[in-house]
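[1] give me a model of this one.
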Amino acid sequence: MIRRVVKVGGSLLKRKDLAEQIVCWTERQSIAENLFLFGGGDVINSVRQLDEVHCLDVSRLHWLCIDLLDVSFAVASSLLSDWNRIESQQQFRELVKQQPRKMNTIVRCKSFYHREREGSAPGSLANALPWDWRTTTDSLAAQLAMETNARELVLLKSCEVDCRLSHQELARRGIVDAAFPNAAKSIASVTAQRLC
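    Alright, predicted model coming up:
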C-alpha cells in the first residue's frame, strides 16, 4: 500500500459537483492512502490583489494566506464529510508514524506547515520554501508528500496540463508555482492533470 498526496486546486472549489468529481477520480486510481490538500482559490487571490495595490510585507502575507487555507479545509470537510481529517499537529505526527491504509483524508495545511517548524525537522522544506508568492499549495503539497513519505504526488488542476512538460516549464507557464520544481524534485512520481 502506498501513500499518495493529492492537491486540489482552489479554483475547483467553485464547482458545484466537486465532491462527486473527486470521489469519482479517487475510485479510478490504484489503491492507496490518499491525503488531500485543498488550495485557496479566490480567497488567496484576493490577498494577492491587495498586495499588488498596497505592496505589503510578503512574508507576513505568506503566513496570513496559510491561515486563510483553513477556509478551504472547512469547505472541503463539509463537502466530503465522511472522509477522515487531519486538523492538528499531533494528529499529523500520528499519521506519519502509521503505515499507509486504504482511506481518504483531508489535511489541514497548518497541521504540517507552520512557523514553529522552521528548520526543526531534518530534511524539512521549511527553510527551502520561500515565504512569498513563489510558494503556493503546489509546493506545500510537495512538502506534505516529503513529510509523509508519499510515493506519489498528484496536482489536480482546472486547466489542461500537457504531461510532457517538465516541472520547470509548468512553473514558467504559471501552471505550478515557482518554488515547485525544487520542492518536488525528490518525489518518486509527480503528475499534474486536469480534474474532469
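[2] how are the strands of this protein distributed by residue range?
    2-8, 32-38, 84-86, 103-107, 152-157, 189-194 (DSSP state E).
[3] mean confidence (pLDDT) on the lengthiest helix in the chain, please.
    The residue-count maximum for a helix in the chain (DSSP state H) belongs to helix 58-79. Helix 58-79 shows a mean pLDDT of 97.
[4] one step back: in TSV: the strands of the chain, plus distance to V53.
    C-beta here means a position set from N, CA and C on the backbone, and glycine is covered the same way. Converted to TSV, the strands of the chain look like this (distance: least, C-beta to C-beta, whole Å):
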stretch	distance to V53
strand 2-8	28
strand 32-38	26
strand 84-86	35
strand 103-107	32
strand 152-157	27
strand 189-194	30
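[5] could you single out the most deeply buried of those?
    The highest average neighbour count among those, using mean count of other C-beta atoms under 10 Å, belongs to strand 32-38 at a mean of 26.
[6] now do that one: which elements does it pack against?
    Applying 3 or more C-beta pairs under 8 Å, 6 or more residues apart in numbering; DSSP states H and E, one finds that strand 32-38 makes contact with strand 2-8, helix 58-79, strand 103-107, helix 137-147.
[7] let me see the mean pLDDT of that strand.
    On average, strand 32-38 scores 98.
[8] and the angle from it to strand 103-107?
    Counting by axes from the mean of the first three to the mean of the last three C-alpha atoms, to 10 degrees, strand 32-38 lies at 20 degrees to strand 103-107.
[9] now do strand 32-38: everything it contacts.
    Applying C-beta atoms under 8 Å, 6 or more residues apart in numbering, the contact partners of strand 32-38 are 1-8, 10, 13, 22, 26, 69, 72-73, 75-76, 80, 83, 86, 95, 100-107, 109, 137, 140-141, 144, 148, 150, 152.
[10] chain center to it, what's the gap?
    9 Å (C-alpha atoms, centre = their mean, to the nearest Å).
[11] next, the angle strand 152-157 makes with that strand.
    Using the same axes, to 10 degrees, strand 32-38 lies at 40 degrees relative to strand 152-157.
[12] strands paired with strand 32-38, and their directions?
    strand 2-8 (parallel), strand 103-107 (parallel) (DSSP bridges).
[13] and that strand, C-alpha only, in CSV?
    In CSV, the C-alpha atoms belonging to strand 32-38 read as follows (Å, rounded to 0.1, in the frame of the first residue of the first chain):
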residue,chain,number,x,y,z
ALA,A,32,-3.6,4.0,-1.8
GLU,A,33,-3.9,6.1,1.2
ASN,A,34,-4.9,9.5,-0.3
LEU,A,35,-4.0,12.7,1.6
PHE,A,36,-5.9,15.6,0.1
LEU,A,37,-4.7,19.2,0.4
PHE,A,38,-7.0,22.0,-1.0
